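[1] Provided below are the primary sequence and the corresponding predicted coordinates.
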Amino acid sequence: MLELQHSARDFVVNRGPGQASCPDDSVNELHRRHGTLRHFPKGSFVFTKGSVPAGSYFIESGLLKVCQFTEEGRDVTFFIRKTGDAFGLAEIILQQNHPCYAQCLHDSQIWVLDASIIREQILTNPTVTQTILYTLTHRLIHHQSTVELLISKPVAWRLAWLLQQLGTETPGGQLRVELDLSHEEISNMIGCTRQTVSELLSRWKQQGLIRYDRKQMLIQNLTPIIGEPT
């Protein structure tokens, strides 16, 4: 199962209970001022398991997954990183190698900031230190809440929740989800079978709750499944 991660700037579009915005944009702007903007094609790896953390990352645009591959070759996704997310900070602070893979689901533009700059800023810039501490602490709390929800809620709720988290709001008030995840990948994220995901999506399409083709999905209304936002 996975955690969907908030952005250091404004977190996800659909905020849950008790989710607040980050105090400032200092870490994001640090990447933009001193980092290098790199293009990562869809399917490429930003880093691999066991590699030394050479820098931290800020997604200017794109989508990626932080995942692990089992001995049987199964892809298990732990986190999704979206536009506006900073990541790779914890490994620099802990001075440990990357425990997972980070693979792009879209063509992505990502700022790469040298690890030495992050270490220097933590020692000399209280604002950056506070923002990093806030971000990592919030991720830990959110991860705990996410695990609880994914364990206690039925599959239909988990799938609806995931789609809402992945969606980007359109001018018409709908949510657009770019379909770069297969039904198999989605099933791995929410802990069910691929067949269950396919059946639920087909049922919701017939009910008019969603519309989709091979490239994208438009979420009309999943409130009957996930409930009213709190």
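    Received it, and whenever you're ready, just let me know what you need.

[2] Mind checking what helix or strand follows the longest helix seen in the chain in sequence?
    Identified as the longest helix of the chain according to DSSP state H is helix 126-152. Helices and strands here follow DSSP states H and E; after helix 126-152, the next one along the chain is helix 155-166.

[3] what does that following helix rub up against?
    Applying C-beta atoms under 8 Å, 6 or more residues apart in numbering, the contact partners of helix 155-166 are 4, 12-14, 80, 82, 149-150, 153, 175, 177, 181, 186, 189-192, 196-197, 200-201, 210, 217, 219, 222, 225-226. All C-beta atoms are positioned from the backbone trio N, CA, C, and that covers glycine.

[4] Now, of the residues you listed, which are buried?
    Among the contacts of helix 155-166, those buried by neighbour count (16 or more other C-beta atoms under 10 Å) are 4, 12, 14, 80, 82, 150, 175, 177, 181, 186, 189-190, 192, 196-197, 200-201, 210, 217, 219, 222, 225-226.

[5] Enumerate the helices of the protein by residue range, in sequence order.
    26-34, 89-94, 115-124, 126-152, 155-166, 183-190, 194-206, 223-226.

[6] need the least confident one among those, by mean pLDDT.
    Mean pLDDT is lowest for helix 223-226 out of these, coming in at a mean of 79.

[7] Can I get that helix in CSV, CA atoms only?
    Provided in CSV are the C-alpha atoms of helix 223-226 (Å, rounded to 0.1, in the frame of the first residue of the first chain):
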residue,chain,number,x,y,z
THR,A,223,-19.0,11.7,-2.9
PRO,A,224,-21.5,8.8,-2.7
ILE,A,225,-18.5,6.5,-2.1
ILE,A,226,-16.0,8.5,-0.1
